[in-house]
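Participant: Build me a model:
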Amino acid sequence: MSLAAFLDIDEYVTPVIEEIKEEKKKKISPFDFVAAINFTKEDLIGDDPVAESQYIPYIVNKALMTSTDTILYANEMNFRPSIPKAAQFAFLSAVIRKKKRYGDWIKPEKESDDIVAIKQFYEYSTEKAKYAQKTLTNEQIATIKQKLYTGGTEPAQ
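Facilitator: Numbers count the residues shown, from 1 in each chain. Have a look, this model is predicted:
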């Protein structure tokens, strides 16, 4: 027997629990906001303060920066971070034309084997290792790699 049933308040507790479950389900992803701005044009925020708190301008603007026809509007919102989130969403929804946009996110470069070896040998950060790579000769880098080689499978040449 639950505590609510024991206290005979089950009829009051159940609706509250259902409301809490519904609010947890309403989580809106930043990419849902981007899709609404770009294509569906539905008002996800409206008067809902929970939806407005889920709107993350940085991520939405970064997603809009991947397309050439929306980059200026996203940059305009970056210049004005003090504008309320609902107003930012309304502006972007109104100004950007309805279109499916597929932009690639910028990803960091993969580190070369030379940088990884220099970082491990000298215990440098990536930035310092890139600077050190400019000063080291190919023979010195080959020596570093040879000293770091611990055996196992033969490294690709």
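
Participant: can we go C-alpha only for contacts and neighbour counts from here?
Facilitator: OK.

Participant: Quick check: chain neighbours aside, which residue is closest to the most centrally placed residue in the chain?
Facilitator: Closest to where the C-alpha atoms of the chain average out (C-alpha atoms, centre = their mean) is residue 59, at 5.9 Å. In this structure, residue 59 finds its nearest non-sequential neighbour in residue 30, 6.7 Å apart by C-alpha to C-alpha, 6 or more residues apart in numbering.

Participant: Could you count how many residues lie near that neighbour?
Facilitator: Residue 30 has 18 neighbouring residues, counting by other C-alpha atoms under 10 Å.

Participant: Report the separation between it and residue 147.
Facilitator: 47 Å (C-alpha to C-alpha, to the nearest Å).

Participant: Any stretches of this protein with poor pLDDT?
Facilitator: 1-26, 154-157 (pLDDT under 70).

Participant: All the helices of it, residue numbers only.
Facilitator: 3-6, 10-25, 30-35, 49-54, 57-64, 71-79, 85-95, 113-122, 126-135, 138-148 (DSSP state H).

Participant: now the ones you listed in CSV, with distance to residue 104?
Facilitator: Shown next, in CSV, are those (distance: least, C-alpha to C-alpha, whole Å):
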stretch, distance to residue 104
helix 3-6, 52
helix 10-25, 29
helix 30-35, 13
helix 49-54, 23
helix 57-64, 9
helix 71-79, 13
helix 85-95, 20
helix 113-122, 26
helix 126-135, 25
helix 138-148, 34
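
Participant: can you tell me which residues contact the closest residue to residue 71 other than its chain neighbours?
Facilitator: Spatial nearest neighbour of residue 71, chain neighbours left out: residue 65 (4.4 Å); criterion: C-alpha to C-alpha, 6+ apart. Shown in contact with residue 65 (C-alpha atoms under 8 Å, 6 or more residues apart in numbering): 71, 72, 74, 75.

Participant: Kindly provide the distance from the spatially closest residue to the third one that is not a sequence neighbour to residue 77.
Facilitator: The spatially closest residue to residue 74, leaving aside those adjacent along the chain, is residue 61, at 4.9 Å (C-alpha to C-alpha, 6+ apart). For residue 61, the distance to residue 77 under the criterion C-alpha to C-alpha works out to 7 Å.

Participant: Also residue 139?
Facilitator: When residue 139 is compared with residue 77 (using C-alpha to C-alpha), they lie 50 Å apart.
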